[in-house]
Each structure stands twice: as structure tokens, then as C-alpha cells.
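# need coordinates for the below:
(one chain, ligands or ions: 1)
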Amino acid sequence: MLRILRLALPILLILWLFRQVRKPSGPFGRRIVRAMNLGHAAMTDWGLQQVTVPKNAVILDVGCGGGRTVRRLAALVPEGKVVGLDYSAASVAVSRDTNAREIETGRVRIEQGSVAALPFPDRTFDIVTAVETHYYWPDLPANVREIVRILKPGGTFVLIAETYRGGPFRLVYGIVMPLLRAAFLSDTEHRDLLTQAGLTEVTTKHVSGKNWICATGRRAS
Ligand SMILES: C[S@@+](CC[C@H](N)C(=O)[O-])C[C@H]1O[C@@H](n2cnc3c(N)ncnc32)[C@H](O)[C@@H]1O
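So this is what the prediction gives:
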């Protein structure tokens, strides 16, 4: 019995950790998204450098986690507005905390909701960002089409992620991603995903020696 417990406990712990990454919850989930604010900073800043961000842009960050990307975007758009959205209550709480000052000024809003049914009218945003979150979305093609719906004509979707299939460290991610039940797309599949959702001028960029990907596409004017 003790031997079974010794074997089962680490497995249960890993499964619980994976669940927390997909949808953080409770005090531990809040810690995780705070850690992700730090862990994803360099990759996020690199990804955001791949797009032009007008200073009056209206931006949505989907799967905003701990809200560090929202804060960064708010700094880039002194005359614009930023909305962060996440389906996890823990992420929403930390994101609101991270952006408390900007929320007070009325330039930032954090909302709870899913990418599957974005609570915004058609053609609302100039830019939609999604950092390290699309792996977990319930129906990627439909969810990207939902993002296209709320983009203004000429608006840009920016998908930034730490890993793609076929990049460096493929052995590690080849094991971890299926365990996480995460979508593990190749570079070409990322481009196809955006193109098939109706976006144009689709490009992907990478950093030498890293597994990062930044995929962008524009809604036709
Ligand atoms: C790995 S975290 C990344 C958070 C943040 N973007 C960052 O870079 O630190 C993934 C986030 O996506 C959110 N998420 C996953 N599926 C979602 C969905 N269907 N709708 C909205 N948010 C989702 C999770 O709740 C979590 O906060």
C-alpha cells in the first residue's frame, strides 16, 4: 500500500501542477501566474517588438495570466486602452493587482471570460495579443476566428509562445506537451491556423537557439 502511495503521489502532484498551468486556481494558482509574469517577460518583450503598436491603439490580451503583458502594453499605448481577459479567477485577481494603477486611470480593464466567446462587439480592437496561452484553448481554429471577429479591419493578431513543434528542445517538449494536453503546432501549422481564420500577411518569427515563436496576421481592411 505504501509503495502504491509513493508511486501515485508524485504522479498526482504532476497532474495537479499541469492543471494549474492550464487554469490557475486558488492561492497556488496566484503564485504560479506571478511567477509566469517574470518567466515570460523576455519572450513577451521580444514578441511585442515584432509589431508596430500605435500609441493610441486599443488592445486586448487574451489569456492575460498575471497581467504583466497588459502592463507592458499599457506603457506602449499612452493614448490608448488595454483590456486583459482570462477565464481563471486567480489570473484575473493577480492581473488586477499587477495593473492596479492603470486600472484606476481607466486605461486598463481586466475581465473574466473565455476566448471561446469573447464578450466584445465585432471590430473592437486594433491589436489582440495571446502570450503562452493558445496551447490550452478548446477549439483553436474557432477561437482564432473569434479573435478575428473582434479585430478592427486592418487590426493585427499577435500570438507569442515559448514553444513550437520542430524547434529546439524538441525531445523535452515532445514529452511535456502531450502530458499537458496542449496543442503543439509546427511553424507551418501556426501560419495555416492564422491564414485559415481569415488573416492576411501572416508571418512567423523565431530567435536563434530558442524555441520561441511569434506569429502575426492582419485582418484585411
Ligand atoms: C501559461 S498561462 C500564460 C499567462 C500569460 N499570458 C503569461 O504570458 O504569463 C495561460 C493562461 O491562459 C489562460 N487560458 C487558458 N485557456 C483559456 C481560455 N479558453 N480563455 C481564456 N483564458 C485562457 C489561463 O487561465 C492562464 O492564465
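# what strand or helix carries Leu60?
Using DSSP states H and E, Leu60 falls within strand 58-62.
# same question, Ile103
Using DSSP H and E, Ile103 falls in helix 100-105.
# contact partners of stretch 97-114?
37, 64, 66-68, 70-71, 74, 77, 80-89, 92, 95-96, 119, 138 (C-beta atoms under 8 Å, 6 or more residues apart in numbering). Backbone N, C-alpha and C define where each C-beta goes, glycine included.
# rewinding a little: and the strand holding Leu60, what other elements does it pack with?
helix 68-76, strand 81-86, strand 125-131 (3 or more C-beta pairs under 8 Å, 6 or more residues apart in numbering; DSSP states H and E).
# in CSV, list those along with mean neighbour count, mean pLDDT and distance to Thr105.
Shown next, in CSV, are these (neighbours: other C-beta atoms under 10 Å; pLDDT from 0 to 100; distance: least, C-beta to C-beta, whole Å):
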stretch, mean neighbour count, mean pLDDT, distance to Thr105
helix 68-76, 22, 98, 9
strand 81-86, 26, 98, 10
strand 125-131, 25, 98, 19
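# could you redo these as JSON lines and give each row distance to the ligand?
Shown next, in JSON lines, are the helices and strands packed on strand 58-62 (distance: least, C-beta to the nearest ligand atom, whole Å):
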{"stretch": "helix 68-76", "distance to the ligand": "6"}
{"stretch": "strand 81-86", "distance to the ligand": "5"}
{"stretch": "strand 125-131", "distance to the ligand": "4"}
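# so can I have CSV of these showing distance to Ser25?
Shown next, in CSV, are the helices and strands packed on strand 58-62 (distance: least, C-beta to C-beta, whole Å):
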stretch, distance to Ser25
helix 68-76, 19
strand 81-86, 12
strand 125-131, 20
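# strands paired with the strand holding Leu60, and their directions?
strand 81-86 (parallel), strand 125-131 (parallel) (DSSP bridges).
# for the helix holding Ile103, which positions count as buried?
102-103 (16 or more other C-beta atoms under 10 Å).
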